[in-house]
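*Asks:* Here's a sequence, model it:
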Amino acid sequence: MLEYEITMLNDKTILITGGTGSFGKVFIQTVLEKFSPKRVIVYSRDELKQSEMQAAESFNHPSLRFFLGDVRDRGRLSLAMRGVDYVVHAAALKQVPAAEYNPHEFIKTNVNGATNIVEASLEAGVQKVVALSTDKAVNPVNLYGATKLCSDKVFIAGNSYAGDSGTTFSVVRYGNVVGSRGSVVPLFAKQRIQGKITITKPEMTRFLITLQEGVNFVLKSLDTMVGGELFVPKIPACSVADIANVVAPGAEWQIMGMRPGEKMHEILIPSDEARNVLEFDNHFVIQPVQAFWGNKIGILGGVSCSEGFHYASNQNCESLSIEELTDLLVDYLPK
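*Replies:* Alright, predicted model coming up:
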């Protein structure tokens with residue numbers, strides 16, 4: 001997805017919210033290894049994780065800065081963003097069951113936090129902002145997904161507030177990240193020791209993308225964005241049964257049934273958005289629906305998708321063979 005020909009990060013200051021998370025750490029390592037940034041600011045609220053990162057050899061870099069703060073705190077964000085060129089927004093509350101019991105907390109972080117990022121970025125004169133989204137924001141059936149849909153709308157609308165200031169906002173949406181917090185893959189790897197794994201429904205399908213692939217796609221999107229796009233990568237999918245057979249071969253299955261807020265298949269582009277979608281070799285772009293944007297935004301290339309096009313983990317996507325899935329999940333296989 002990325003061959004590191006991008007030089008836009010050299011001598012620039014990048015702030016990443018949620019920088020101590022699984023995505024954030026891989027993103028920061030990639031930026032420090034492949035580019036020559038002026039500063040990389042880790043903005044997060046967990047002082048223990050920041051302390052652990054500071055002590056790690058892989059994060060021993062003169063351009064790295066740690067800024068303790070919460071995206072709920074508008075004033076703190078304003079301080080952190082002084083002199084920042086690019087923002088990657090990865091901070092979020094994500095656990096679906098927790099959202100159902102604590103809706104206001106998720107709204108404060110995922111929705112109000114998004115508004116704070118937009119306003120602080122405009123105030124600081126940030127050049128580009130990319131926010132991370134999720135398949136759960138598509139036709140949401142749980143509160144977490146609903147908050148991320150709101151967040152997406154807030155960032156896309158941020159372009160209308162920017163006017164001629166030069167600040168642009170875009171969103172990246174993708175599905176299940178292998179090995180991230182909440183992923184079923186490390187869960188199966190842990191459970192197989194007891195010889196039994198818990199499966200919701202074996203026939204469920206899921207997109208699979210590695211953390212590094214997600215980071216590469218975000219960097220590519222940051223480089224090419226003009227503001228208002230929602231980027232969706234073309235990524236393969238497989239069934240939960242196939243994941244179980246590869247990661248925990250021979251283990252007994254305990255079928256739990258679908259949990260509240262779950263879907264049988266992940267959807268990245270619903271059919272009612274098809275009229276606004278451009279297809280490229282390795283990704284899709286959902287254009288903003290606001291009439292005053294149109295394809296203003298100067299998106300180059302791409303082919304319009306047909307009416308009713310639908311991109312889901314069981315439709316219009318590549319299916320992983322068992323061999324391909326084994327290669328992808330090699331770090332989680334029995335030794």
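
*Asks:* Please count neighbours and contacts with C-alpha atoms only from this point.
*Replies:* Will do.

*Asks:* so what's G182 closest to, chain neighbours aside?
*Replies:* Q95 (7.5 Å; C-alpha to C-alpha, 6 or more residues apart in numbering).

*Asks:* what's the spacing between the one you found and S271?
*Replies:* According to C-alpha to C-alpha, to the nearest Å, Q95 stands 27 Å off from S271.

*Asks:* now swap in V303 and tell me
*Replies:* Per C-alpha to C-alpha, V303 is found 16 Å from S271.

*Asks:* What of A55?
*Replies:* A55 sits 47 Å away from S271, going by C-alpha to C-alpha.

*Asks:* same thing with V246?
*Replies:* Separation of V246 from S271 (C-alpha to C-alpha) stands at 32 Å.

*Asks:* Repeat that for P186.
*Replies:* From P186 to S271 the distance is 32 Å (C-alpha to C-alpha).

*Asks:* Closest to the centroid, which residue in the protein?
*Replies:* The residue lying closest to the centre of the chain (C-alpha atoms, centre = their mean) is L132, at 3.7 Å.

*Asks:* Specify the local secondary structure of it.
*Replies:* Recorded secondary structure, L132: strand (DSSP: H, G, I helix; E, B strand; the rest coil).

*Asks:* average pLDDT for the longest helix along the chain?
*Replies:* Longest among the helix segments of the chain by residue count, using DSSP state H, is helix 143-162. Regarding helix 143-162, the rounded mean pLDDT is 95.

*Asks:* Which secondary structure elements does the helix or strand following that helix sit against?
*Replies:* Following helix 143-162 in sequence order, the next helix or strand is strand 168-174 (DSSP states H and E). The contact analysis (3 or more C-alpha pairs under 8 Å, 6 or more residues apart in numbering; DSSP states H and E) places strand 168-174 against strand 128-134, helix 143-162, helix 211-224, strand 230-233.

*Asks:* Distance to Q287 added to those, as a markdown table?
*Replies:* Output for these, formatted as a markdown table (distance: least, C-alpha to C-alpha, whole Å):
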| stretch | distance to Q287 |
| --- | --- |
| strand 128-134 | 15 |
| helix 143-162 | 10 |
| helix 211-224 | 14 |
| strand 230-233 | 7 |
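
*Asks:* how about S304, phi and psi?
*Replies:* For S304, the backbone dihedrals (degrees, to the nearest 10) come out as phi -60, psi 140.

*Asks:* Isn't it up against E273?
*Replies:* No. At 11.4 Å, S304 does not count as touching E273 under the criterion of C-alpha atoms under 8 Å.

*Asks:* Same question for stretch 112-132: list its buried residues.
*Replies:* By neighbour count on 16 or more other C-alpha atoms under 10 Å, the buried set for stretch 112-132 is 112-122, 124-132.

*Asks:* Any regions of this structure where pLDDT drops low?
*Replies:* Scanning the chain with the threshold set as pLDDT under 70 gives 1-5, 290-299.

*Asks:* all helices in it, in order from the N-terminus.
*Replies:* Applying DSSP H to the chain gives helices spanning 22-34, 47-55, 74-80, 96-101, 103-106, 113-124, 143-162, 184-191, 211-224, 240-247, 322-328.

*Asks:* Columns distance to E262 on top of those, output as a markdown table?
*Replies:* Output for the helices of the chain, formatted as a markdown table (distance: least, C-alpha to C-alpha, whole Å):
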| stretch | distance to E262 |
| --- | --- |
| helix 22-34 | 22 |
| helix 47-55 | 30 |
| helix 74-80 | 32 |
| helix 96-101 | 9 |
| helix 103-106 | 17 |
| helix 113-124 | 24 |
| helix 143-162 | 10 |
| helix 184-191 | 13 |
| helix 211-224 | 22 |
| helix 240-247 | 13 |
| helix 322-328 | 23 |
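
*Asks:* who wins for proximity to H310 among those helices?
*Replies:* Closest approach to H310 among those (C-alpha to C-alpha): helix 143-162, 17.8 Å.

*Asks:* Now do the same contact list for the residue nearest to the centre of the chain.
*Replies:* Listed by C-alpha atoms under 8 Å, 6 or more residues apart in numbering, the contact set of L132 reads V88, H89, A90, V171, V172, R173.
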